[in-house]
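A.B. asks: Build me a model:
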Amino acid sequence: MAIQGGLRPCAIKLTGTGSGGDLWKFIDNGIDPVFDFSDGGYATTVDVPVAELEDMLALLLNAAGMSADLVIIEIADGVYQKETAGLLASSSFRDRLDSILFAAADPMSGVAGVKYLRDLGLEPSGVSGAVTASPLAAQELAAAIDIEVLTIDRLLNDDSALSICMRSAHPVESRLLAKFA
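C.D. replies: From the prediction side, this is the model:
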């Protein structure tokens, strides 16, 4: 499967429990290859140390190999969960991130999630998720934040959506690169 721009995506579900729902959503939407933590030998990532999660990510990225131009890494719901918070605080994990699309359930979680990521020094390129299923909720969120709110329709049909999603998660580095380019 190729997406906008002819890129071949791969998906990795890095943290969570082995229920399969997120994994199957990737597969059902035509992404191939798809991996999750069970491919790294875990039934759940609860209480797995961050260093082991980083090692597993390296293993899964290696398995994706050259077959993907774009790797989507999904981490468990809840940025305050111990493993997710640990990954987001880890410089090793953060250095692997090119871009962040935050999935929010509602406007309040969208605002809080963007603030949390910014407090960590990460810049989300946009917000999507269940919040966009309600036009009113999506409008409320868009009025409260200064980044793009991306509905599924926009992600699928707007030629600019891919470039929005690919904005750097490292705003200071981006500014420095632009300054010296």
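
A.B. asks: What is the burial count for the residue nearest to residue 123 when sequence neighbours are not counted?
C.D. replies: Using Cβ to Cβ, 6 or more residues apart in numbering and skipping the chain neighbours, the partner closest in space to residue 123 is residue 171 (4.2 Å). Every residue, glycine included, has its C-beta placed from N, CA and C. Other residues near residue 171 number 13, with proximity taken as other Cβ atoms under 10 Å.

A.B. asks: How about residue 38?
C.D. replies: Other residues lying near residue 38 total 16 when counted by other Cβ under 10 Å.

A.B. asks: Next up, the contacts around residue 142.
C.D. replies: With contacts taken as Cβ atoms under 8 Å, 6 or more residues apart in numbering, residue 142 has the following neighbours: residue 149.

A.B. asks: one more time with 10 Å
C.D. replies: 107, 110, 127, 131, 132, 148, 149 (Cβ atoms under 10 Å, 6 or more residues apart in numbering).

A.B. asks: I'd like to know how far it sits from residue 166.
C.D. replies: In this view, residue 142 and residue 166 are 20 Å apart by Cβ to Cβ, to the nearest Å.

A.B. asks: Which ones among the contacts of residue 142 lie within helices?
C.D. replies: 107, 110 (DSSP state H).

A.B. asks: Out of the contacts of residue 142, the closest to residue 66 would be?
C.D. replies: Using Cβ to Cβ, residue 148 is the member of the contacts of residue 142 that lies nearest residue 66, at 30.4 Å.

A.B. asks: Kindly state the beta-bridge partners for that closest one.
C.D. replies: Taking DSSP bridges, one obtains residue 126 as the residues bridged to residue 148.

A.B. asks: That one: neighbour count?
C.D. replies: Taking other Cβ under 10 Å as the neighbour definition, residue 148 ends up with a count of 19.

A.B. asks: Count the residues that sit near residue 166.
C.D. replies: Using other Cβ under 10 Å, residue 166 has 15 other residues around it.
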